[in-house]
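Q: Here's my sequence, what's the structure:
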Amino acid sequence: METSITRRDFLGSALLASGSALLGGIAPAELLAQNDDFTGYGGVGDYSTANGNTLDVLEAGHAIRDRVYDPLPKDIIDTGELYDCVIVGGGISGLAAALFFEREAAPGMKCLIIENHPIFGGEAKQNEFLVEGKRLIAHQGSAIYQVQYPHSFLAGFYESIGLRAPQLTYQSWAGPDPEFPLSNTPYEAVGLQHGRCGFWFGARFNQRAGKWLMDPLGKNLEGAPVSNATRLEWLNWLKGKPAAGTKFEPPKVEGDAISRYLDSITLEQHFMERFGLSRETVRAFLSPVEGGGSGLGPDALSAYSDYAFEMLHPLPDEEGGSDQMFPGGNSTIARLMLKSLIPSAINGPHSVEGVCQNQVNFARSGCRRSRYENSPVVHCHPCRA
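A: Prediction:
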């Protein structure tokens with residue numbers, strides 16, 4: 001009882017033990033062991049065992065926290081392997097680091113990437129599911145990338161990994177029904193401006209049976225079960241209409257005066273200042289969607305986060321935007337980087353189509369599981385060839 005314990009650990013173990021008592025005295029460890037659904041159904045394809053943090057990764061993290069590996073086991077065998085560079089993490093940043101090392105290092109130098117998931121990519125992984133015989137692909141985490149100006153650093157990097165046509169083309173609408181406007185990414189709502197979306201109000205808004213409000217922008221939210229003041233505030237935000245008497249200039253470059261001010265306030269305060277929203281309106285309708293990709297709400301997130309992505313200064317397209325994504329998000333970019341490091345790691349040609357349509361050849365990728373049974377670490381040798 002003298003050992004320090006965090007509140008989260010207490011809630012995770014003591015309350016789980018209390019609940020297990022109601023289930024016939026099953027211990028917490030036994031209860032967790034029976035939870036085969038922790039990782040969830042992984043679908044099919046290369047990412048079927050890598051949907052988020054697996055139970056193995058969670059348990060390994062807890063073992064490190066609990067100092068299970070400190071001191072190191074006595075039966076460790078020195079393999080005699082030597083590396084000039086060791087990279088911890090096989091996500092996009094780790095793969096990029098290995099690429100730059102390979103390009104800048106002297107001949108014969110070796111690099112080791114250590115990754116604790118079943119496949120590389122980090123947040124840039126995808127989900128693949130078979131639904132009624134059709135293969136559906138969606139991103140897990142990292143999704144959007146932008147078209148960069150020709151001859152810029154990022155444009156040159158994309159070119160170097162095989163992304164030679166950065167401006168994507170999308171499938172045209174087909175079929176007898178009227179076209180349904182679709183966004184290029186899941187973070188936009190083009191249909192909202194075209195009257196093809198609706199808002200659902202449930203019990204929280206005293207709508208016991210539920211209520212749809214179709215074409216909310218076209219109807220100016222008339223009929224929404226909210227107060228008139230809230231309706232006007234919410235409408236200002238949806239239409240991007242600034243509060244009366246205010247003028248906002250977005251940041252031009254990272255670190256300028258506007259950037260520094262935005263980084264000194266929360267996104268919630270920024271919305272209140274720019275659109276005249278009340279704190280209640282922000283928390284009722286904009287949380288956790290705004291900033292949700294960061295795992296934080298606008299009440300905690302820096303206001304600059306709403307503009308940081310644009311500070312990469314993408315090349316605008318004809319419609320005034322440049323956000324786009326592959327079906328599986330940025331897993332395509334991660335796969336292109338692996339193909340650049342180890343050409344035989346993914347079968348087929350070194351192209352977007354090639355890495356998307358062919359599977360990872362783990363036997364040729366230089367990846368192997370750790371010899372330590374309780375560690376999910378995967379060793380990749382991208383710079384050996």
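Q: Provide the backbone phi and psi angles at the residue nearest the centre of the chain.
A: Note on the chain: the residue nearest the mean C-alpha position is Gly141, at 2.2 Å, using Cα atoms, centre = their mean. Dihedral angles of Gly141 (phi, psi; degrees, to the nearest 10) stand at phi -140, psi -90.
Q: List the residues that contact the closest residue to Gln146 other than its chain neighbours.
A: Distances taken as Cβ to Cβ, 6 or more residues apart in numbering put Pro314 closest to Gln146, at 3.4 Å, once the chain neighbours are dropped. In this view, the C-beta of every residue, glycine as well, is placed from N, C-alpha and C. By Cβ atoms under 8 Å, 6 or more residues apart in numbering, the contact list for Pro314 reads Gln146, Val147, Gln148, Tyr149, Ser322, Asp323.
Q: Show me what the first one bridges to in the sheet.
A: Beta-bridge partners recorded for Gln146 (DSSP bridges): Asp323.
Q: That one and Leu315, how far apart?
A: Note on Gln146: its distance to Leu315, by Cβ to Cβ, to the nearest Å, is 8 Å.
Q: For stretch 147-156, the averaged confidence score.
A: Across stretch 147-156, the average pLDDT comes to 89.
Q: err, stretch 258-276, not the other one
A: For stretch 258-276, the mean per-residue pLDDT is 95.
Q: Need the contact partners of that stretch.
A: 233, 236-237, 241-244, 246, 248-253, 277-279, 282-283, 286, 290-291, 297-307, 311.
Q: and those, which are buried?
A: Applying 16 or more other Cβ atoms under 10 Å to those, the neighbour count classes 233, 236-237, 251, 277, 282, 286, 290-291, 297-299, 301-307, 311 as buried.
Q: Tell me how far stretch 52-66 lies from the chain's centre.
A: How far stretch 52-66 lies from its chain's middle: 20 Å, per Cα atoms, centre = their mean, to the nearest Å.
Q: Quick check: the gap between Ile92 and Arg260.
A: Counting by Cβ to Cβ, the gap from Ile92 to Arg260 is 28 Å.
Q: Please report how far Phe120 lies from Ser287.
A: Phe120 sits 33 Å away from Ser287, going by Cβ to Cβ.
Q: So which of those two has more stuff around it?
A: Phe120 (30 against 17; other Cβ atoms under 10 Å).
Q: what's the pLDDT at that one?
A: Reported pLDDT for Phe120: 94.
Q: quick revisit: sec struct for the residue lying closest to the residue nearest to the centre of the chain once chain neighbours are set aside, please.
A: Distances taken as Cβ to Cβ, 6+ apart put Glu123 closest to Gly141, at 3.5 Å, once the chain neighbours are dropped. Under DSSP: H, G, I helix; E, B strand; the rest coil, the three-state class of Glu123 is coil.
Q: Show the pLDDT at the residue nearest to His194 when sequence neighbours are not counted.
A: The shortest distance from His194 to any non-neighbouring residue, by Cβ to Cβ, 6+ apart, is to Pro181 (4.5 Å). Pro181 is assigned a predicted lDDT (pLDDT) of 85.
Q: My understanding was that Pro181 contacts Arg196; is that so?
A: Yes. Applying Cβ atoms under 8 Å, one finds Pro181 in contact with Arg196, separated by 5.7 Å.
Q: Got a quick ChimeraX command for the buried subset of the contacts of Pro314?
A: Of the contacts of Pro314, the buried ones can be selected in ChimeraX as follows, counting by 16+ other Cβ under 10 Å:
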select :146,147,148,322,323
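Q: Could you dump the contacts of Pro314 into CSV and include distance to Leu55?
A: What follows is these, written out as CSV (distance: Cβ to Cβ, whole Å):
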residue, distance to Leu55
Gln146, 35
Val147, 39
Gln148, 39
Tyr149, 44
Ser322, 39
Asp323, 34
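Q: Among the contacts of Pro314, which pair sits farthest apart?
A: Between any two of the contacts of Pro314, the greatest separation by Cβ to Cβ is 15.4 Å, found for Tyr149 and Asp323.
Q: quick one, phi/psi of Ala96?
A: Backbone torsions of Ala96, given as degrees, to the nearest 10, read phi -60, psi -40.
Q: cool, and Pro343?
A: phi -50, psi -30.
Q: State the distance from it to Thr281.
A: Pro343 sits 54 Å away from Thr281, going by Cβ to Cβ.
Q: between those two, which one's more packed in?
A: Ranked by neighbour count (other Cβ under 10 Å), Pro343 and Thr281 place Thr281 first, with 23 against 11.
Q: Tell me if the more buried one really is in a helix.
A: Yes. The assignment for Thr281 by three-state DSSP puts it in a helix.
Q: dump the residue contacts of it.
A: So Thr281 contacts Thr230, Glu233, Trp234, Trp237 (Cβ under 8 Å, 6+ apart).
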